[in-house]
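Q: prediction below, plus the sequence it came from.
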Amino acid sequence: MSVSDLLKKFSYFNRNAQKKELVQSILQFPEQQNNGVINLHRYDPTNIGDFYCGPHHYFEPLKNKHLDIFDYKREDSAVRENWKEKIVQNSLIIGGGGLLNRDGFTIQMDLFEKLGAKGKKTVLWGVGHNSKYKYTYGKVSKYSVDTSKFGLVGVRDYSMKEEWVPCVSCMHPIFDTPFEIKNEIGIIFHKKTLKNKSVIKKFSHFPSTSNDAVFEDVVKFIGETDTVLTDSYHAMYWSLMLGKKVMVFPNSSKFYDFKYQPVISSFQNFEKDLKKVQSYSGVLEECREININFAHKTFDYLNL
């Protein structure tokens, strides 16, 4: 094994040890505090779906009270210590996003479940399953955490036993903007798909954008497109809310469990499935009403 490989291996084990130590130090606090509230989600400006799925963007009691769910593993010890302090001191609103049944969030979600059992006030808001294993597509029936251990639960997956609360990004006022149709078909790529040159070439004759573009530009693109093709969950969601015909190319279980199902296809066979696409009406209004009602319940529960 080379020196470089040894250093990488050491770094990997060191990071794992740091994460475990941080989690244990949080759990060892004798009394969990609920002094304020913090909204945890994947706070990633380079992925507009992850970024805009946090309730703190839309409700005044939560403004500027957010934390990246990944900060617990940052190299900067000050960032990790801040994450720890915010978790210990505050009630937690976890979500939205595909935080369940996903390896990258297992440690954090297990921690939040245990904190709920220790007296921490916890809310799951618009979270959903996000398994990358194809054998789970359309077949998820159980979450990776025990949702009964959380104080209040709203999930974005329609078929699950928990209360259905679709992604809170529906509250953004941009979705009230009127648009004029300019594209018959348009495609919105997940940012990872941009690296797949064969896919990009195959769809090069369609107008396109991606989920790492400017949010307002992506919504405008959706608004001006009649039929949207995408492998981005939030591009699917926003398109359905705007009454578009939608086809998805799934890369996770999350595409299979929305109340208003799009046509599921693949990059290879999309053309023969285009005739199946349909639009739905009233989706935006329904999603907003549900989130407003859930906000009232959340603020009552957290005494905000």
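A: Good, I have the coordinates. Residues are numbered from 1 along each chain as shown.

Q: helices of the stretch 1-150 of the chain, residue ranges please.
A: 3-27, 48-52, 77-89, 106-117 (DSSP state H, counting those that start in this stretch).

Q: residue contacts, the residue nearest to the spatial centre of the chain?
A: In the chain, the residue lying closest to the centroid (CA atoms, centre = their mean) is Gly97, at 1.6 Å. Applying CB atoms under 8 Å, 6 or more residues apart in numbering, one finds that Gly97 lies in contact with His41, Arg42, Gly49, Asp50, Cys53, Gly126, Val127, Gly128, Asn130. In short, each C-beta sits where N, CA and C put it, glycine included.

Q: which stretches of the stretch 201-304 of the chain form strands?
A: With DSSP state E, counting those that start in this stretch, the ranges of strands along the stretch 201-304 of the chain come out as 208-210, 225-230, 245-248, 263-264.

Q: and of those, who's closest to Lys139?
A: strand 263-264 (13.5 Å; CB to CB).

Q: in ChimeraX, how would I select the buried members of the contacts of Gly97?
A: The command below creates a ChimeraX selection of those among those that count as buried (16 or more other CB atoms under 10 Å):
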select :41,42,49,50,53,126,127,128,130
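
Q: can you redo the contacts of Gly97 as CSV with pLDDT and distance to Asn82?
A: Converted to CSV, those look like this (pLDDT from 0 to 100; distance: CB to CB, whole Å):
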residue, pLDDT, distance to Asn82
His41, 98, 16
Arg42, 97, 17
Gly49, 95, 25
Asp50, 96, 20
Cys53, 98, 22
Gly126, 98, 24
Val127, 98, 23
Gly128, 98, 27
Asn130, 97, 26
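
Q: show me which of the contacts of Gly97 is closest to Gln18.
A: When the contacts of Gly97 are compared for distance to Gln18 (CB to CB), Arg42 comes out closest, at 19.7 Å.

Q: pretty sure the closest one sits against Ile48.
A: No. Distance between Arg42 and Ile48: 11.3 Å, which falls outside the contact criterion (CB atoms under 8 Å).

Q: follow-up on the earlier one: adding distance to Lys114, write the contacts of Gly97 out as JSON lines.
A: Formatted as JSON lines, these follow (distance: CB to CB, whole Å):
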{"residue": "His41", "distance to Lys114": "19"}
{"residue": "Arg42", "distance to Lys114": "21"}
{"residue": "Gly49", "distance to Lys114": "28"}
{"residue": "Asp50", "distance to Lys114": "24"}
{"residue": "Cys53", "distance to Lys114": "24"}
{"residue": "Gly126", "distance to Lys114": "22"}
{"residue": "Val127", "distance to Lys114": "17"}
{"residue": "Gly128", "distance to Lys114": "21"}
{"residue": "Asn130", "distance to Lys114": "21"}
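
Q: just the pLDDT at the closest residue in space to Gly138 that isn't next to it in sequence, thanks.
A: With CB to CB, 6 or more residues apart in numbering as the measure, Tyr256 is the residue that lies nearest to Gly138, at 4.2 Å, once sequence neighbours are left out. For Tyr256, the model assigns a pLDDT of 96.

Q: residue contacts, the closest residue to Trp83 other than its chain neighbours?
A: Once its chain neighbours are removed from consideration, Trp83 has its nearest residue in Asp71; the separation is 4.2 Å (CB to CB, 6+ apart). If a contact means CB under 8 Å, 6+ apart, then Asp71 has Val79, Arg80, Asn82, Trp83 as its contacts.

Q: hmm, the second one is touching Val23, no?
A: By that I understand Arg80. No. With contact defined as CB under 8 Å, Arg80 does not reach Val23; the gap is 10.8 Å.
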